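Trainee: just a sequence and a predicted model for now, questions to come.
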Amino acid sequence: MPRGTDFPTIAAMDFDIRPADWESFRAVMGDKGGCGGCWCMLWRLPKKQMDAQMGEDNRLAMKALFESGQISGLIAFVEDNPVGWIHLDDRSAFTRLASSRVLKPVDDKPVWSVACFLIDKRHRRKGLSARLLLGACDLARERGAQILEGYPIDTPKTRYPPVYAWTGFAGAFRRAGFSEVARRSPTRPIMRRVL
């Protein structure tokens, strides 16, 4: 069975999706700051700078972005417990995308990008990524975006290491109404939804 077809329907799970604040974001990231101290700063920084400030420096940089009001993201809650995060912004905020051979711009249309997800392991494979994507579409539209773009993994494997799946899976994007617009790598499509 292809990845993404064995999940409950989007409406089947009871998650409350809310705008992110620092405290709920920090709770989802945990003590390690997501994937080894990235604190969701990977796309915002050149590689050398990202590597140099893994951990506490990234935490402080992300906290400063939250405090300045520059963060666009959503948190999923179950019974007031934060269990999931999606990070999105104008593509220009994610400067590292510009240097990616695989994820370089498809065209010159202004787009917003989904940078990453982090889902609590107890709530994975329940359709939460698609629910977060639907919320992200609403948030991006409210902020003036006309197109939302993502860079998911598309693999035939039924199990994939979560540490490598922080951009999401293509199946979740499809369920949230996204379509593939480019593919420069066998497993990394660029997917868009017109808002």
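Mentor: Nice, I can see it.
Trainee: now stretch 72-81: buried residues?
Mentor: 72, 73, 74, 75, 76, 77, 78 (16 or more other CB atoms under 10 Å). Glycine gets a C-beta too; all of them are placed from N, C-alpha and C.
Trainee: put the alpha carbons of it into CSV.
Mentor: The C-alpha trace of stretch 72-81 is given here as CSV (Å, rounded to 0.1, in the frame of the first residue of the first chain):
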residue,chain,number,x,y,z
SER,A,72,4.0,32.1,11.2
GLY,A,73,3.1,28.7,12.5
LEU,A,74,0.4,26.6,14.1
ILE,A,75,0.3,24.2,17.0
ALA,A,76,-2.0,21.2,17.2
PHE,A,77,-3.5,20.5,20.7
VAL,A,78,-5.1,17.5,22.2
GLU,A,79,-6.9,18.4,25.4
ASP,A,80,-4.8,21.5,25.7
ASN,A,81,-1.6,19.6,25.3
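Trainee: list of residues touching it?
Mentor: The contact list for stretch 72-81 (CB atoms under 8 Å, 6 or more residues apart in numbering) reads 14-21, 24-25, 27-28, 40, 82-89, 112, 119, 123, 128, 131-132, 135-136, 139-140, 143.
Trainee: restricted to strands, list the residues you listed.
Mentor: If you go by DSSP state E, the contacts of stretch 72-81 have 16-19, 82-89, 112, 119 in strands.
Trainee: what bridges to the most centrally placed residue in the chain?
Mentor: Nearest to the geometric centre of the chain sits residue 116, at 2.4 Å (CA atoms, centre = their mean). Under DSSP bridges, the beta-bridge partners of residue 116 are residue 87.
Trainee: quick one: it and residue 80, what's the gap?
Mentor: Relative to residue 80, residue 116 is positioned 23 Å away (CB to CB, to the nearest Å).
Trainee: with residue 123 instead?
Mentor: According to CB to CB, residue 123 and residue 80 sit 14 Å apart.
Trainee: now residue 92
Mentor: Residue 92 is 34 Å from residue 80, by CB to CB.
Trainee: tell me if I'm right that residue 145 and residue 194 touch.
Mentor: No - assessed by CB atoms under 8 Å, residue 145 is found out of contact with residue 194, at 10.0 Å.
Trainee: neighbour count winner among the two?
Mentor: residue 145 (22 against 12; other CB atoms under 10 Å).
Trainee: now the more buried one: closest residue in space that isn't a chain neighbour?
Mentor: In space, and not counting its chain neighbours, residue 145 is closest to residue 112: 4.0 Å by CB to CB, 6 or more residues apart in numbering.
Trainee: show the contacting residues for that neighbour.
Mentor: Listed by CB under 8 Å, 6+ apart, the contact partners of residue 112 are 72, 88, 89, 90, 91, 140, 143, 145, 147, 148, 149.
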